[in-house]
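>>> Could you look at this predicted model? Sequence included:
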Amino acid sequence: MTKIEEKGKVYLVGAGPGDVAYLTVKAYNLLAAAQVLVYDALVDAQLLQCVPPDCLKLDVGKRGGKPSTTQTEINKLLIKYCQQGKQVVRLKSGDPLIFGRCTSEIEALKASGCDFELIPGISSALAAPLFAGIPLTDPVLSRCFAVLTAHEPEVLDWEALSRLETLVILMGGQHLPEIVHQLVQHGRSHLTPIAIIRWTGTPRQKIWTAQLGNILEQTTGLSLSPAVIVVGEVVGLHKYLQPEKIDYQDSTTAQIPMLNNLSASPEPLTGKTILVTRSVGQSSTFSDRLITLGATVIEMPTLEIGPPSSWEALDDAIAHLSQFDWLILTSSNGIDYFFERLIAQGKDTRALAGVKIAVVGEKTANSLKQYSLQADFIPPNFVADSLIENFPEELNGKKVLFPRVESGGREVLVKELTLKGAKVIEVAAYQSCCPSDIPPAAELALQNRKVNVITFASSKTVQFFDQLTEKILPKNSDVNQLLESVCIASIGPQTSKTCHALFGRVDVEAQEYTLDGLTQALITWATNY
């Protein structure tokens with residue numbers, strides 16, 4: 001991992017074309033260690049999940065019609081946190097020095113004596129044509145190309161630009177009629193090929209190809225932002241540089257062009273934005289798996305895990321471990337906190353000699369293996385009810401230690417074990433509570449109705465999600481309005497029961513009550529959607 005200086009420093013980082021897969025390794029490592037993140041509007045939401053949970057995230061871009069943060073205010077923010085000794089990542093889409101307006105920020109940082117570093121990113125000016133199969137140079141068709149912004153088309157030298165073989169135009173979606181008018185007026189043929197690539201490098205990518213003479217007809221009424229526009233004969237080469245299996249329609253022959261995805265066999269979750277509710281600091285393996293399947297993932301921590309209000313009961317149980325017949329562990333959190341206290345008491349796994357261990361599922365069993373221990377019993381179905389129904393021996397007279405969450409857990413396990421004659425000693429091993437707020441990326445996606453699926457892996461994630469969303473709901477509305485048209489996906493029956501109680505429905509439930517099972521259920525849902 002890239003080592004960040006101890007003193008305050010600002011890193012002006014290029015985020016690339018969008019997807020986290022196209023970050024540079026250094027950019028990813030800097031995000032992973034950032035204390036303050038200052039980001040623009042076009043930065044993809046999944047990049048905001050790369051920073052630590054306690055990183056301060058500041059959105060300075062223009063979104064939802066709200067006024068944008070002024071450049072002077074942005075400069076002040078960078079200086080303020082740098083002078084506080086913070087490691088600040090200023091995240092810009094593409095490359096920071098290609099229409100990134102970095103000059104003002106660098107001048108302000110230098111004037112204030114703030115240390116800074118520039119980290120390059122892949123500009124959409126280069127990435128978008130590549131993703132579309134359009135070469136910007138060609139020995140015959142394009143010996144040069146120019147990159148320009150059409151943010152202010154009236155100030156450009158269109159006479160000079162029209163003479164160049166290939167043009168790459170950024171920020172031109174809203175000014176397409178003016179661009180076409182100026183190019184044709186200054187000598188470009190109305191038969192000149194043109195391509196528009198929207199949301200390049202993401203599952204939402206779409207491509208239109210046409211000619212200057214008919215592109216406006218093909219795109220009337222469509223939203224073209226954010227887009228990269230390529231003008232020149234090289235656009236015609238894209239049909240030869242695409243994977244052979246693509247069913248391609250070329251608008252230069254009067255068909256409306258639209259490639260939803262450039263992959264010959266799109267991943268099953270392509271085009272779906274999935275909100276993953278999880279614990280703060282939890283591994284993102286589940287999210288990574290969804291991303292590899294084509295999904296855009298936004299993580300929303302809905303659980304904070306910490307130590308119990310007192311270690312006394314757990315420490316006392318650990319001191320008398322030899323008196324127990326069984327140790328029951330129902331979560332990875334319970335395992336981690338149990339062994340943390342075992343070691344804190346000067347003991348190790350040898351203290352469990354003679355004590356059998358039962359776990360609820362494979363995930364918990366795998367967590368146990370990290371401590372070089374094998375579970376003696378894993379029920380066939382990964383729920384507490386199955387553990388009771390299939391317990392491998394008579395429980396009458398057995399003494400059972402159950403380290404668990406301090407409050408809010410299910411009582412059925414203790415009740416049923418006790419009915420079977422076991423003496424169950426419950427001890428608090430950890431506590432779970434609701435985070436104080438919603439990450440900006442998750443809040444924005446929910447409010448703007450950009451979420452297709454929400455996943456829940458426990459009843460508590462459902463309960464705390466419901467609590468958190470109350471903070472962003474308009475007056476006289478409820479969570480069901482926020483979740484209208486959103487697929488609610490549950491890991492298993494108990495989680496589904498809570499979803500039904502709070503939301504009135506569940507749309508997808510895993511057949512195997514694991515994250516792998518939930519992943520497979522989402523694939524099935526998306527295939528039939």
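Done, it's in. Residues are numbered from 1 along each chain as shown.
>>> isn't residue 514 right up against residue 362?
Yes. Assessed by CB atoms under 8 Å, residue 514 is found in contact with residue 362 at 6.4 Å. (Glycine included, C-beta is placed from N, CA and C.)
>>> between these two, who's got more neighbours?
residue 514 (18 against 15; other CB atoms under 10 Å).
>>> so where's the stretch 301-450 of the chain uncertain?
382-384, 408-410 (pLDDT under 70).
>>> Could I get the full set of helices for it?
312-319, 332-344, 362-369, 384-389, 412-419, 440-447 (DSSP state H, counting those that start in this stretch).
>>> Let me have those helices in JSON lines, extended by distance to residue 473.
Shown next, in JSON lines, are the helices of the stretch 301-450 of the chain (distance: least, CB to CB, whole Å):
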{"stretch": "helix 312-319", "distance to residue 473": "39"}
{"stretch": "helix 332-344", "distance to residue 473": "30"}
{"stretch": "helix 362-369", "distance to residue 473": "33"}
{"stretch": "helix 384-389", "distance to residue 473": "33"}
{"stretch": "helix 412-419", "distance to residue 473": "32"}
{"stretch": "helix 440-447", "distance to residue 473": "9"}
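>>> now for those helices, which one comes closest to residue 70?
With CB to CB as the criterion, residue 70 lies closest to helix 440-447 of the helices of the stretch 301-450 of the chain, at 19.1 Å.
>>> hang on, the earlier thing: of all the helices of the stretch 301-450 of the chain, which one is nearest residue 405?
Among the helices of the stretch 301-450 of the chain, helix 332-344 sits nearest to residue 405 (CB to CB), with 7.5 Å.
>>> Not counting sequence-adjacent ones, nearest residue to the residue lying farthest from the centre of the chain?
With distances taken from the mean C-alpha point of the chain and given as CA atoms, centre = their mean, the most distant residue is residue 397, at 48.9 Å. Nearest residue to residue 397, sequence neighbours excluded (CB to CB, 6 or more residues apart in numbering): residue 421, at 6.1 Å.
>>> tell me the contacts of the one you found?
394-398 (CB atoms under 8 Å, 6 or more residues apart in numbering).
>>> With residue 162 instead?
Neighbouring residues of residue 162 by CB under 8 Å, 6+ apart: 182-183, 186-188.
>>> how about 10 Å then?
By CB atoms under 10 Å, 6 or more residues apart in numbering, residue 162 lies in contact with 182-188, 192, 231.
>>> Of those residues, grab the buried ones for ChimeraX.
The buried subset of the contacts of residue 162, as determined by 16 or more other CB atoms under 10 Å, is captured in ChimeraX by this line:
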select :182,183,188,192,231
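>>> Next step: the contacts of residue 162 restricted to helices.
In this view, these that belong to helices under DSSP state H are 182-185.
>>> so can I have TSV of the residues you listed showing pLDDT and distance to residue 333?
Shown next, in TSV, are the ones in helices among the contacts of residue 162 (pLDDT from 0 to 100; distance: CB to CB, whole Å):
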residue	pLDDT	distance to residue 333
182	95	62
183	96	61
184	94	65
185	94	67
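>>> Return the member of the residues you listed nearest to residue 26.
residue 183 (38.5 Å).
>>> Check what pLDDT the closest residue in space to the closest one that isn't next to it in sequence gets.
Leaving aside its sequence neighbours, residue 183 sits nearest to residue 162 (CB to CB, 6+ apart; 5.5 Å). Residue 162 is assigned 95 on the pLDDT scale.
>>> Give me the distance between residue 162 and residue 177.
16 Å (CB to CB, to the nearest Å).
>>> quick one, strands of the stretch 51-200 of the chain?
Assigned by DSSP state E, counting those that start in this stretch, the stretch 51-200 of the chain shows strands spanning 56-59, 87-92, 116-119, 145-149, 166-170, 193-198.
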